[in-house]
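In: structure of the sequence below:
(one chain, ligands or ions: 1)
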Amino acid sequence: MSSLRPIGFFDSGVGGLSVMKEVRRLLPAESLVYFADSAHCPYGVKPVELIRGRAYAICDFMIGLDVKLIVIASNTTSAAALDAVREKYSVPVIGVEPAVKPAAAATVKGRIGVIATGVTLAGERFESLVKRFGDGLEIFTQACPGLVELVESGRWDDKETEELVKLYLDKLLARDVDTIILGCTHYPFLRAVVEKLAGSGIKVIDSGEAVARQVARVLKKNGLAADIKSTGGESFFTTGDPEHVRPVVRLLWGKQDLVVKREEV
Ligand code: DGL
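Out: Numbering: from 1, shown residues only. Now for the predicted structure:
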């Protein structure tokens, strides 16, 4: 059994493209739809009820596009709304969470730093992750207001970005961590800056590849994978100003001719 229906991804903005890129790498035959809720970005400093409401609105739109699976390509939205979205829709829903399990396997000193949004770090999902995989480890967290906005404006390697990343990283490095989790899907786009500032002895881990493998497993299990002979395309939507969002999506996705459509949901 196979299905040519698309997979839907969404986030507060362009961050979830870091997850969709891993899915594209692993599953070239799949059609992918990306929704950037740019008019409401960032989510990470907003009330949980608002984030949940946005998740419903975007998922309603994507169900209208007949998506076969939804990826909540956002740690923050997964913290705020994964269970609620799973309850409401009949398609499989996959969320993203900070990579505590792989970090626990990678750390030598038993000291891990996590950068994420305040909503993610305050959520029950994160607390439960730390309980399940953090036994015997020291896990230090750091919310990073401002980083998401810099990625949204395509400024992932300028001076101001580097200074802000340094401000947050230094607090974790002062705790002698040897592993840093990028617990927000915007942050893989800052990986080069993080790695440069952290230095060569520090491992930097995100969840993108693990999510892509999970997508592949769930598609296969449900008989929903696209025919291997097909070539998947991508479409992009935003609640923001497409003139503003398009150049950043083009840069991050690495295709100059893609279209980003405005959609009010
Ligand atoms: N990229 C999202 C995450 O993984 C949301 C960040 C935000 O909008 O604050 O948490």
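In: what sits against the closest residue to the ligand within the chain?
Out: Closest approach between the chain and the ligand, counting by Cβ to the nearest ligand atom: Gly44, at 2.7 Å. Where C-beta positions appear, they are placed from N, C-alpha and C, glycine not excepted. Gly44 makes contacts with Ser12, Thr76, Ala116, Thr117, Gly118, Val119, Thr120, Ala143, Pro145, Val148, Cys184, as judged by Cβ atoms under 8 Å, 6 or more residues apart in numbering.
In: grab the nearest non-local neighbour of it.
Out: Nearest residue to Gly44 in three dimensions, chain neighbours excluded: Thr117, at 2.6 Å (Cβ to Cβ, 6 or more residues apart in numbering).
In: burial measure for that neighbour, as a count.
Out: As a burial measure, Thr117 scores 28 neighbours (other Cβ atoms under 10 Å).
In: now it: how far from Phe35?
Out: To Phe35, Thr117 is 19 Å away according to Cβ to Cβ, to the nearest Å.
In: and if you look at Lys229?
Out: Computed as Cβ to Cβ, the Lys229 to Phe35 distance reads 28 Å.
In: do the same with Ile72
Out: 11 Å.
In: filter the contacts of Gly44 down to the buried ones.
Out: Burial by neighbour count, 16 or more other Cβ atoms under 10 Å: within the contacts of Gly44 this picks out Ser12, Thr76, Ala116, Thr117, Val119, Thr120, Ala143, Val148, Cys184.
In: what distance do you get for the last one to Leu27?
Out: For Cys184, the distance to Leu27 equals 23 Å [Cβ to Cβ].
In: end-to-end on stretch 235-249?
Out: 11 Å (Cα to Cα, to the nearest Å).
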